Each structure stands twice: as C-alpha cells, then as structure tokens.
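>>> This is a predicted model, with the sequence first.
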Amino acid sequence: MSNITCKKLTKKYADLQVVHGFDLEVKDEEFIVFLGPSGCGKSTILRMLAGLEDITTGTLEIGGRDVTTAEPGERGVAMVFQNYALYPHMTVRKNIAFGLRRSGLSAEEIDTKVNDVVQMLALAPYLDRKPAQMSGGQQQRVAIARAIVKTPEVFLFDEPLSNLDAKLRQQLRVEIAKLHKKLKTTTVFVTHDQLEAMTLADRIVLMNAGNAEQIGTPQEIYTKPRTLFVADFIGSPS
Ligand code: ADP
Ligand code: MG
C-alpha cells in the first residue's frame, strides 16, 4: 500500500511526444482507473510507473520515494498485462513462485505464500498445468496470483480483462474488486471499457491525447463532465 505522485510526466518516442505534462496524486489504498480511447497514452504512463519505459521528463514518487529512474524491481510495483505474459515452459505453481525467487524466503515460506494466493484465486486444480493447457480466464488468474504473491505496494493492470469473453470479464472484474477490498493495495488499472471504470474506480482519470482530461469519482465524471470530450466519451447527459 502506497501513495503515488506523478509530476509533469512527459514521454517522447523519438520525435513523437505522447504524454504531455501528466500530473496525478494517488492516495494510499486508492483504486485509480485510467480510461480513454486507444492511443491516448494510458499504457505508456502505466509502463513509466512500472519502470518499463523511461520517463522523458518529470518526476515519479511511490511511497514517498523518488523512483523516477529506479529499476522496475526497486519500485514495489507488480504489473498484470493484457496478454497474461506467463512463462510458457513453467507450470502454474512455478509461474506464481517465480516472482519470489530473489525474495530471500525459504522454500517452505514460498510454498505457504503460493498456496495462500492459490486459495484466493481458486487455482488449486491447475497447479501442475502449463499455461497453454488453460483458458484465457484461468491464465489471467495465474497472472494476478503472480502479482499478488509479491505483496507489492502498488498493483498496475493494463487492460487485464480485454482479451476475455463478456462472462469471464464480468466474473474477473468482480473478483478484482473483492481482492482490492481485502488487500487494499493501491491500484492503477487501465481500460477503455467504461463499465469496468465505473464499477472498479474510486477515481477515474479520463485520458485524451497524452494528458488527463478530467479526474474525478465515477459519479462526478458521469454527472459533471467538464468538457465535451468527456461527455461524448462517457455518453452522459449535458
Ligand atoms: P493506449 O494505451 O492509451 O492505447 P499507448 O500508450 O499505447 O496508448 O500509445 C500512445 C501513443 O504512443 C500512440 O500514438 C502509440 O502509437 C505511441 N506508442 C506507444 N508505444 C510506442 C513505441 N514503443 N514507440 C513509438 N510509439 C509508441
Ligand atoms: Mg494500451
């Protein structure tokens, strides 16, 4: 659990500037959703938080520490991707335990932690399978378990439900909400899906062309869209 402060973040890919002075304060335990159309810079900002993309200019603090240039492993974050990104040659058990390999924990301690998250995500029947022997929804559960087992300060989710069919998407959305209620880990969740944003977010960051167009609770964004872009995107009255 941790607060996050983004100050005037910018990102340039070669000559193309795709993030323009992005500011955000995320509170401890908050569930923040980045919502916006494809190409508006949601993944880029998330990847800068994770340390998977360099920050061009600006500063980033996580838990009061300046991590602008810190290595991914030194930020206290764990990320879940749209395409699951599991290790295909490893079993489910090994995939989940992999993140703890440098934790200094004993084999028994690792087993206990893995078993805890396996219970939490109902993965017990699949422990000896390889990812290819599981459905998309099951694979994404494994990816979520792999993130949780690290007990990070911050969870980062990049469209984790976008590859799933409607029913699974809804199930896993409910599960993610429950997990947040239980663990209270500060979360930044990227989606282009309004329903996900409205149901999961404490606050929504509505993105447009590399910056926040409006930041507010789902209720505020829906009932008081500040710009025509927000009103159009949300389809709210006004
Ligand atoms: P979103 O996640 O909101 O769909 P992205 O952050 O992926 O948006 O992309 C924002 C912009 O940056 C887009 O114009 C995209 O084409 C561009 N972009 C993303 N990644 C790269 C990259 N590695 N190199 C060059 N341009 C990129
Ligand atoms: Mg994206």
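Done, it's in. Numbers count the residues shown, from 1 in each chain. Ligands and ions are numbered 1, 2, ... in the order given.

>>> In contact with the closest residue to Val77 other than its chain neighbours, which residues are there?
What sits nearest to Val77 in space, not counting adjacent residues and going by C-beta to C-beta, 6 or more residues apart in numbering, is Val154, at 4.5 Å. Yep, even glycine has a C-beta here, placed from its N, CA and C like the rest. By C-beta atoms under 8 Å, 6 or more residues apart in numbering, the contact set of Val154 is 2, 4, 49, 62, 75-78, 185-188.

>>> could you show me where the strands are in the chain, in order?
Secondary structure of the chain (DSSP state E): strands located at 4-13, 16-26, 31-35, 57-62, 65-66, 77-80, 154-158, 186-191, 203-208, 211-216.

>>> For the residue nearest to Val77, give the beta-bridge partners.
When bridges are called by DSSP bridges, Val154 pairs up with Val77, Thr186.

>>> what's next to the longest helix that the chain contains, contact-wise?
Determined from DSSP state H, the single longest helix within the chain is helix 166-183. Outside helix 166-183, the residues within contact range by C-beta under 8 Å, 6+ apart are 31, 120-121, 135-137, 140-141, 144, 148, 157, 160-161, 164, 187, 189, 196, 199-200.

>>> can you count the residues close to Gln133?
Other residues near Gln133 number 12, with proximity taken as other C-beta atoms under 10 Å.

>>> and what of Glu109?
12.

>>> wait, Gln17 sits on Lys11?
Yes: Gln17 lies in contact with Lys11 (C-beta atoms under 8 Å); the separation is 7.2 Å.

>>> pLDDT value on the residue nearest the centre of the chain, please?
Centroid-nearest residue in the chain: Phe157, 1.8 Å away (criterion: C-alpha atoms, centre = their mean). Predicted confidence (pLDDT) for Phe157: 98.

>>> which residues touch it?
Phe157 sits in contact with 79-80, 176, 187-190, where contact means C-beta under 8 Å, 6+ apart.

>>> Closest one to ligand 1 out of the residues you listed, please.
Val190 (6.5 Å; C-beta to the nearest ligand atom).

>>> Count the residues that sit near the closest one.
Neighbour tally, Val190, other C-beta under 10 Å: 25.

>>> cool, the one 5 residues further on as well?
The local packing count at Leu195 equals 11, with neighbours defined by other C-beta under 10 Å.

>>> mind checking how far it is from Pro225?
From Leu195 across to Pro225, the span is 17 Å (C-beta to C-beta, to the nearest Å).

>>> quick revisit: rebuild the strands of the chain as JSON lines, extending it with distance to ligand 1.
Shown next, in JSON lines, are the strands of the chain (distance: least, C-beta to the nearest ligand atom, whole Å):
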{"stretch": "strand 4-13", "distance to ligand 1": "3"}
{"stretch": "strand 16-26", "distance to ligand 1": "4"}
{"stretch": "strand 31-35", "distance to ligand 1": "8"}
{"stretch": "strand 57-62", "distance to ligand 1": "15"}
{"stretch": "strand 65-66", "distance to ligand 1": "23"}
{"stretch": "strand 77-80", "distance to ligand 1": "13"}
{"stretch": "strand 154-158", "distance to ligand 1": "7"}
{"stretch": "strand 186-191", "distance to ligand 1": "6"}
{"stretch": "strand 203-208", "distance to ligand 1": "6"}
{"stretch": "strand 211-216", "distance to ligand 1": "12"}
